[in-house]
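Structural data only, the sequence is not supplied:
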């Protein structure tokens, strides 16, 4: 065989090999898209709804004295999973890691009183709101100088870095000390390592109820109410719609109000 013929055969072989690899990659991509589009079906077939949550944020998600994971969000997520006909599998992680975990597909849903914000709506889908609350300014009990959010200018607050409450504190000129959860922020406040913290009114009231001797106080309530929803990766409309139907049914038959009054003594839907 002439050299030119041999080169032609080798070149043709390489072209066919590259074409085969391209087709395989395209097939894998298509399979991945198909899997993402059918997340609800995958959950139903597997029988498990994987839920990302902190587990350190009472009364929404925390461990009781026996060590069992419990809380308002945990019960809501379990009820949603039950109405989808599957089991809820909770996967605990820090607040800031929950978003990365959802992005990476470790969770199907996040249940952790996540505020519905415009910037988050650009990256994630949310269920219909299931909590309405407001931010509060918390100071040491003997602090008579910090009495309004405007007084935060130049002060330091303890916050989860990507939370709504960190944004509120920053908007009033506060410096942020990053923490992993509310309990840690309260400890920093009591020890004098920060000047204040901004957090959810319901969470702070629960903290004070559990620790009546805690050396902190609610100094001010923010004028804007916030709403929270269950959070999902984008393009999983079937799953979001199914969860919304479950939430609506819970509200309709009184299950939601029963869970809400158990944890807060009132209905916190609106």
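Perfect, thanks for sending it. Please read all numbers here as calculations on a predicted model, not as lab measurements.

how much space between residue 136 and residue 259?
As for residue 136, its distance to residue 259 is 23 Å (criterion: CB to CB, to the nearest Å). Any C-beta I mention is one placed from the backbone N, CA and C, and that applies to glycine too.

cool, residue 132 as well?
Applying CB to CB, the value for residue 132 to residue 259 is 15 Å.

Looking only at neighbour counts, state which of those two leads.
residue 259 (21 against 14; other CB atoms under 10 Å).

count of neighbours near the spatially closest residue to residue 195 that is not a sequence neighbour?
Of all residues not flanking residue 195 in the chain, residue 155 sits nearest, at 4.0 Å (CB to CB, 6 or more residues apart in numbering). Neighbour count for residue 155, taken as other CB under 10 Å: 17.

can you pull the pLDDT of residue 155?
Listed pLDDT for residue 155 reads 98.

who are the neighbours in contact with it?
Residues near residue 155 by CB atoms under 8 Å, 6 or more residues apart in numbering: 146, 173, 174, 175, 195, 196.

likewise residue 102?
The contact partners of residue 102, by CB under 8 Å, 6+ apart, come to 52, 110, 124, 231, 232, 233.

Now it: which helix or strand?
Using DSSP states H and E, residue 102 maps to helix 95-103.

buried sites along that helix?
Within helix 95-103, the residues scored as buried using 16 or more other CB atoms under 10 Å are 95, 98, 99, 101, 102.

Among these, which one lies nearest to residue 188?
Nearest to residue 188 among the buried residues of helix 95-103 is residue 95, at 15.6 Å by CB to CB.

you'd agree the closest one is up against residue 54?
Yes. Counting by CB atoms under 8 Å, residue 95 does reach residue 54; the two are 5.7 Å apart.

Can you pull the residues that touch both of those two?
Residues touching both residue 95 and residue 54 by CB under 8 Å, 6+ apart: 112, 181.

Just the angle for the lengthiest strand in the chain relative to helix 95-103, thanks.
The residue-count maximum for a strand in the chain (DSSP state E) belongs to strand 216-233. Angle of strand 216-233 versus helix 95-103, following axes from the mean of the first three to the mean of the last three CA atoms, to 10 degrees, is 10 degrees.

quick one: strands adjacent to strand 216-233?
Counting by DSSP bridges, the strands paired with strand 216-233 are strand 109-115 (antiparallel), strand 124-126 (antiparallel), strand 131-140 (antiparallel).

Would you indicate which residues of the last one are buried?
With burial defined by 16+ other CB under 10 Å, the residues of strand 131-140 counted as buried are 131, 133, 135, 136, 137, 138, 139, 140.

contact partners of that strand?
72, 113, 146, 148-149, 152, 164-165, 168, 186, 189-190, 192, 195-202, 204, 215-228, 268-270.

Let's test this: mean pLDDT of that strand, rounded?
On average, strand 131-140 scores 94.

which element follows that strand toward the C-terminus?
The element immediately downstream of strand 131-140 (helix or strand, assigned by DSSP H and E) is strand 156-159.

ok, and what's touching that next one?
In contact with strand 156-159 (CB under 8 Å, 6+ apart) are residues 165-166, 169, 174-179, 184-186, 188-189, 193-199.

and that strand, how far from the chain's centre?
Strand 156-159 has its C-alpha centroid displaced from the chain centroid by 20 Å (CA atoms, centre = their mean, to the nearest Å).

can you give me the strands for the stretch 1-150 of the chain?
Secondary structure of the stretch 1-150 of the chain (DSSP state E, counting those that start in this stretch): strands at 48-53, 62-63, 69-70, 87-92, 109-115, 124-126, 131-140.

Over to the stretch 151-270 of the chain?
According to DSSP E, counting those that start in this stretch, the strands that the stretch 151-270 of the chain contains are 156-159, 175-178, 197-200, 216-233.
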